[in-house]
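In: I'd like to go over a predicted model; first the sequence, then the structure.
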Amino acid sequence: MTNKQATKQPDDATPERETDAAATTVPELQVLRIGVQDMQCAIDLDLVERVFPLMELRQVPGGPHYLAGLMNYHGESLAVVDLSLWLGKTEAKAYNIDTPVVLCNDGQLRVGFVVNQVMGSQEAATGTVQMQDAFDGDETPFLASLDTVAGMVLLLDMRRIMKLNFIAPGSSPPATKLPPSQAPA
């Protein structure tokens, strides 16, 4: 074996070692933790375009009760949905200039969501994603629960939620059925 071949052999082996190391690495899910009245929820950070204080809204006569209104975002009219009302919480909170709006964008649609609180971004190892089977189906707006350092949060299925027609009169959110182990006693 020549010196050239000897030095080339370790280089050929390097990609295998990198692949093996990558296979054992647990990918992280980046989420934005939010407060929706008494619930802690999370949104996949890949879908969050921006968080900003509530802007002037135009009411939509005859629109659903959870539609806060339409917002002009750089010349584009966007639906702004009160996430707590959409999730079936009965208490309507008064909005003010500090009320946070989470602008979600899936590459095709943009929708603003009024939330009560933005708690910050966080990494969650995929091993902390739990109960996906319990949240499977159209009757729940959640994908899973996440066990985070701050406690359990519900991961919202924002890709599905964003596809709903929030402006149409009579449109209604899915029931927010929690699995029996998560339902309040």
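Out: Perfect, thanks for sending it. What you are looking at is a predicted structure, and each value in this text was computed from that prediction instead of being measured.
In: now the strands for the protein?
Out: Remark: strands assigned in the chain by DSSP state E are 28-36, 39-44, 48-53, 67-73, 76-82, 100-105, 110-114, 117-125, 129-130, 142-148, 151-156.
In: Quickly compare those and say which is most buried.
Out: Of all those, strand 110-114 carries the top mean neighbour count, a mean of 22, counting by mean count of other Cβ atoms under 10 Å. Just so you know, the C-beta spots here come from the backbone N, C-alpha and C atoms, and that holds for glycine as well.
In: what stretches of this protein score poorly on pLDDT?
Out: Under the criterion pLDDT under 70, the flagged ranges of the chain are 1-27, 125-127, 130-138, 169-185.
In: hmm, 80 instead?
Out: The model of the chain has pLDDT under 80 over residues 1-28, 90-93, 124-140, 144, 147-151, 167-185.
In: coming back round to it: can you lay out the strands of the chain as TSV showing distance to A92?
Out: Conversion of the strands of the chain to TSV gives the following (distance: least, Cβ to Cβ, whole Å):
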stretch	distance to A92
strand 28-36	13
strand 39-44	16
strand 48-53	19
strand 67-73	10
strand 76-82	7
strand 100-105	16
strand 110-114	10
strand 117-125	16
strand 129-130	31
strand 142-148	22
strand 151-156	20
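In: I167: neighbour count?
Out: Residues lying near I167 (other Cβ atoms under 10 Å) number 16.
In: can you tell me how far it sits from A144?
Out: Distance of I167 to A144, given as Cβ to Cβ, to the nearest Å: 29 Å.
In: again with M162
Out: From M162 to A144 the distance is 18 Å (Cβ to Cβ).
In: any idea how far the residue lying closest to G63 once chain neighbours are set aside lies from P53?
Out: Excluding the flanking residues, the one nearest G63 by Cβ to Cβ, 6 or more residues apart in numbering is I167, at 5.8 Å. Between I167 and P53 the distance is 23 Å, computed by Cβ to Cβ.
In: cool, Q117 as well?
Out: Distance of Q117 to P53, given as Cβ to Cβ: 13 Å.
In: anything in contact with each of these two?
Out: Residues touching both Q117 and P53 (Cβ atoms under 8 Å, 6 or more residues apart in numbering) are P100.
In: what bridges to the nearest residue in space to Q117 that is not next to it in sequence?
Out: Spatial nearest neighbour of Q117, excluding adjacent residues (Cβ to Cβ, 6+ apart): G35 at 3.3 Å. Taking DSSP bridges as the rule, G35 bridges to Q40, Q117.
In: list the contacts for G35?
Out: Applying Cβ under 8 Å, 6+ apart to G35 gives the contacts C41, V115, N116, Q117, V118, M119.
In: and the second one, how many neighbours?
Out: Spelled out, it's V115. Look at V115: counted by other Cβ under 10 Å, it has 21 neighbours.
In: got a list of what R110 touches?
Out: E49, Y73, E76, L78, L103, C104.
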